[in-house]
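[1] here is a sequence together with a model predicted from it:
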Amino acid sequence: MEPTPGESGLAANTPVTAEESIELVSYSRALEDVSFGAIADSDVAQIQWATPDGLETVGRGVAVRLSASGPARFDRIRSQAETVLGELDHNGPAVARPRAFGGFAFHDEREPGTPWNGFASASFVVPHVLLTRSPDDDATWLTVVGDDTDGVRDALEEWSQRVDDYPTMRASGRSPGVDSTRRTTTPDRWDEQVDGALERIADGSLTKVVLAQALTVDLEEPVDVSATVERLRRRYPNCYRFLVNGGDGATFFGAPPERLVSKRNTRVETEALAGSVPRGETPEADDEYADQLLADEKLRHEHELVVDAICTQLESFVSDLSVADRTIRRLANIQHLLTPISATLETDHHVLELVETLHPTPAVGGVPPEVAWETIRETESFDRGWYAGPVGWFDAAGDGEFAVGLRSGVASDETVTLFAGSGIVADSDPTAEWEEVQLKFRPVLDELR
Ligand SMILES: C=C(O[C@@H]1C=C(C(=O)O)C=C[C@H]1O)C(=O)O
């Protein structure tokens, strides 16, 4: 599909950057049902975002791009957002409002390189064209965003007509097929890495660290990432699904089960998700695993560290912190211990402040955080890039929702690099942790085969 004139003007040549002071305007229109996949186009910057509770968005083109690096990256994105979204004039319902989609690398400081070409330490786009479907109303909304009212209204007209011609269902495409795979970490190396972490745990300097592996998959043909994300919905309906273009031919995508945080007005929802067992072959075996998940001391310890860290981090922001009963999140291939946590903000804060304070929780980092970060940097032989970083959206009011970028991979052309990790605590067994990591590669890997 060809980019529209307005779109290529903004997307390819001159996306507005946050240094410029601009007045963004947006117009929305309700549409008949339409296939979201149909507007995705690998030649144009695109984002996709879907939540377990039913919000679905897809965007293409770039009205505004925000990016930052270094330890102040959260603040920098927030102040850029204030400049460009502060003056936003939105003509449409709240559900269809422009949102900035993107995320953060796991580490503050890093050298961008393959496979993370184009992925800054923090980067967001407000898409030029956005489709939104929400469980709160039945409509599908088309929104166009830009800095020139006449251009935006013309583009809305043109896109309404184009989208009218799209199918309501798109074939979800077929898997590209796997030609070969390469690991960053051999089983022997993994044993050494886990033993190294266990030594630090034994000497008292570390309590928990999450170590990860990467798996590079060479495909038989180029991957259609958007269709792959669409297919992930079938097996992982209770997970987030996302896709973010880095801008240099690389696309980060996945189906994470874990919410980092969502914030709407003063209401905050987060969760601890850590501690894993496989799914059983039979309902009985499945329940046995689940019972083990709830009863096993080591898994509970691993999980409680996450609950405690989240509560401590949120305490200074919120009044009534509420920690629900521990339960289980069952996915198609794995089950996790889950503790939902909610709270009310004492005064309003931007969702990015909450993201900054929570990232990384010990579900993907460790305890104490600084020693865990150092252990990860010293141990892992690859760049995590955006794996295990916050991915999601925020709006002009500072509301938003972020998942943790897990069960994910970064694709470019005929290669996808997958990432997965597991929490190491005292008593961790390297072989069991290895198996757990392989299980966490499966959601994306199975869609490529
Ligand atoms: C680190 C990952 O998953 C995280 C670690 C878990 C664990 O150690 O049990 C469980 C869920 C996630 O919080 C991953 O998927 O790569």
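    Sure thing, it's come through. Numbers count the residues shown, from 1 in each chain.

[2] contacts only, for the closest residue to residue 309 other than its chain neighbours.
    In space, and not counting its chain neighbours, residue 309 is closest to residue 362: 5.0 Å by C-beta to C-beta, 6 or more residues apart in numbering. To be clear about C-beta, it is placed using only N, CA and C from the backbone, and glycine gets the same treatment. With contact taken as C-beta atoms under 8 Å, 6 or more residues apart in numbering, residue 362 is in contact with 208, 210, 274, 305-306, 309, 369, 372, 423.

[3] in the helix or strand containing residue 232, what counts as buried?
    Using DSSP states H and E, the element containing residue 232 is helix 225-235. For helix 225-235, the neighbour count (16 or more other C-beta atoms under 10 Å) marks 225-232 as buried.

[4] that older thread, only whichever of the contacts of residue 362 are buried, select them in PyMOL.
    Here is the PyMOL command that selects the buried residues among the contacts of residue 362 (16+ other C-beta under 10 Å):
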select buried, resi 208+210+274+305+306+309+372+423
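
[5] can you give me the helices for the stretch 251-400 of the chain?
    283-295, 297-315, 351-358, 369-379 (DSSP state H, counting those that start in this stretch).

[6] which of the ones you listed sits closest to residue 142?
    helix 351-358 (24.9 Å; C-beta to C-beta).

[7] about what we covered before: will you turn the buried residues of helix 225-235 into JSON lines that also has pLDDT?
    What follows is the buried residues of helix 225-235, written out as JSON lines (pLDDT from 0 to 100):
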{"residue": "225", "pLDDT": "93"}
{"residue": "226", "pLDDT": "91"}
{"residue": "227", "pLDDT": "90"}
{"residue": "228", "pLDDT": "94"}
{"residue": "229", "pLDDT": "93"}
{"residue": "230", "pLDDT": "90"}
{"residue": "231", "pLDDT": "92"}
{"residue": "232", "pLDDT": "95"}
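
[8] would you turn these into JSON lines with distance to residue 48?
    Rendered in JSON lines, the data for these read as follows (distance: C-beta to C-beta, whole Å):
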{"residue": "225", "distance to residue 48": "9"}
{"residue": "226", "distance to residue 48": "6"}
{"residue": "227", "distance to residue 48": "11"}
{"residue": "228", "distance to residue 48": "11"}
{"residue": "229", "distance to residue 48": "6"}
{"residue": "230", "distance to residue 48": "8"}
{"residue": "231", "distance to residue 48": "12"}
{"residue": "232", "distance to residue 48": "11"}
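
[9] secondary structure class for residue 447?
    Applying DSSP: H, G, I helix; E, B strand; the rest coil to residue 447 yields a three-state assignment of helix.

[10] one step back: so which of the buried residues of helix 225-235 is the closest to the ligand?
    In terms of C-beta to the nearest ligand atom, no member of the buried residues of helix 225-235 lies closer to the ligand than residue 232, at 14.0 Å.

[11] hang on, isn't the closest one packed against residue 240?
    No: proximity of residue 232 to residue 240 does not meet the contact threshold set by C-beta atoms under 8 Å, at 9.8 Å.

[12] report the set of residues contacting both of the two.
    Listed as contacting both residue 232 and residue 240 by C-beta under 8 Å, 6+ apart are residue 255.

[13] understood, closing this out.
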